[in-house]
Structures are given as structure tokens and as C-alpha cells.
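Colleague: give me coordinates for this.
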Amino acid sequence: MITNDNHVDEMELARLGIKRIQSSIFAWGEYRYSNLRDAIAAAKRGDRR
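Modeller: Predicted coordinates for the structure are as follows:
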């Protein structure tokens, strides 16, 4: 049962075969990256300016 966007019944997820996976978001300046290597590359390019 879904009560709102932020809370989902874990048993419902299990019943549907959905796994919760934690992920990291990396921020550099105003940009957001889901891949750390991309964030590092952007920051290094930014240092050259």
C-alpha cells in the first residue's frame, strides 16, 4: 500500500519483486551526477578554466 510518495509499504515492494537500492548523487557546482567519475572529470575540466 502506498500512503504517499515518500512512504511505501515494504511488504508491497516485496510482493511485487521490487528491490530498494540506495544510490549516491554527487554535486559539483550547479551540476548533479550519478556517476562519481563523471563528477571528477567535470571538476577537473572546471579547474582548467
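
Colleague: any regions of the protein where pLDDT drops low?
Modeller: Within the chain, the set of residues satisfying pLDDT under 70 comprises 1-6, 49.

Colleague: quick check: longest helix of it.
Modeller: Determined from DSSP state H, the single longest helix within the chain is helix 36-47.

Colleague: tell me what that one is packed against?
Modeller: Counting contacts by 3 or more Cβ pairs under 8 Å, 6 or more residues apart in numbering; DSSP states H and E, helix 36-47 is packed against strand 26-28, strand 31-33. From N, CA and C alone the C-beta is placed, and that goes for glycine too.

Colleague: residues near the residue lying closest to Glu10 once chain neighbours are set aside, how many?
Modeller: Spatial nearest neighbour of Glu10, chain neighbours left out: Arg20 (7.9 Å); criterion: Cβ to Cβ, 6 or more residues apart in numbering. Using other Cβ atoms under 10 Å, Arg20 has 8 other residues around it.

Colleague: shouldn't Arg20 be in contact with Ala14?
Modeller: No: with contact defined as Cβ atoms under 8 Å, Arg20 does not reach Ala14; the gap is 9.9 Å.

Colleague: ok, now which ones touch Ser24?
Modeller: Contacts for Ser24 (Cβ atoms under 8 Å, 6 or more residues apart in numbering) come out as Ser34, Leu36.
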